[in-house]
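**Q** kindly return the folded structure for what I paste below:
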Amino acid sequence: MKKQVIEYAGVPVGIVIPDEDRLKFIAVKYHVHDLDEQRFRSADEVKLAIRDLLIRQQAKPIHV
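**A** Numbering: from 1, shown residues only. Got it, this is the predicted structure:
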């Protein structure tokens with residue numbers, strides 16, 4: 001496998017590249033930077049992690 005673009009909601013947010021027996025995620029959008037350089041078993045697992053991250057970010061209270 002070569003690098004693969006990862007899209008979320010139709011927007012490219014990063015790529016995965018083979019890294020030993022996993023896929024390493026390289027973030028290209030700030031809102032998914034917390035996942036940068038993490039390793040996953042599949043592209044689908046990356047997309048689930050992105051979804052979970054964005055849900056957690058939306059749930060954080062905003063203090064004024």
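
**Q** where along this protein do the helices fall?
**A** 43-59 (DSSP state H).

**Q** can you find the helix or strand of it with the lowest average pLDDT?
**A** Every helix and strand in the chain was compared by mean pLDDT, DSSP states H and E; the lowest is helix 43-59, with a mean of 93.

**Q** which residue, neighbours along the chain excluded, lies closest to the spatially most central residue of the chain?
**A** Taking C-alpha atoms, centre = their mean as the criterion, residue 50 is the residue nearest the geometric centre of the chain, at 4.5 Å. The shortest distance from residue 50 to any residue that is not its chain neighbour, by C-beta to C-beta, 6 or more residues apart in numbering, is 5.0 Å, and that residue is residue 8. Just so you know, the C-beta spots here come from the backbone N, C-alpha and C atoms, and that holds for glycine as well.

**Q** how much space between the one you found and residue 37?
**A** Counting by C-beta to C-beta, to the nearest Å, the separation of residue 8 from residue 37 is 17 Å.

**Q** name every strand pairing with the longest strand along the chain and say which way it goes.
**A** When every strand of the chain is counted residue by residue (DSSP state E), the longest turns out to be strand 11-19. Strands flanking strand 11-19 in the sheet, each with its direction: strand 4-8 (antiparallel), strand 22-27 (antiparallel) (DSSP bridges).

**Q** show me the shaky parts of this protein.
**A** In the predicted model, the chain carries pLDDT under 70 at residues 1, 60-64.

**Q** let's see it at 90
**A** Counting by pLDDT under 90, the low-confidence segments of the chain come to 1-2, 57-64.

**Q** if we can go back for a sec, now the longest strand of the chain against helix 43-59, angle please.
**A** For the pair strand 11-19 and helix 43-59, the angle between their directions (axes from the mean of the first three to the mean of the last three C-alpha atoms, to 10 degrees) equals 130 degrees.
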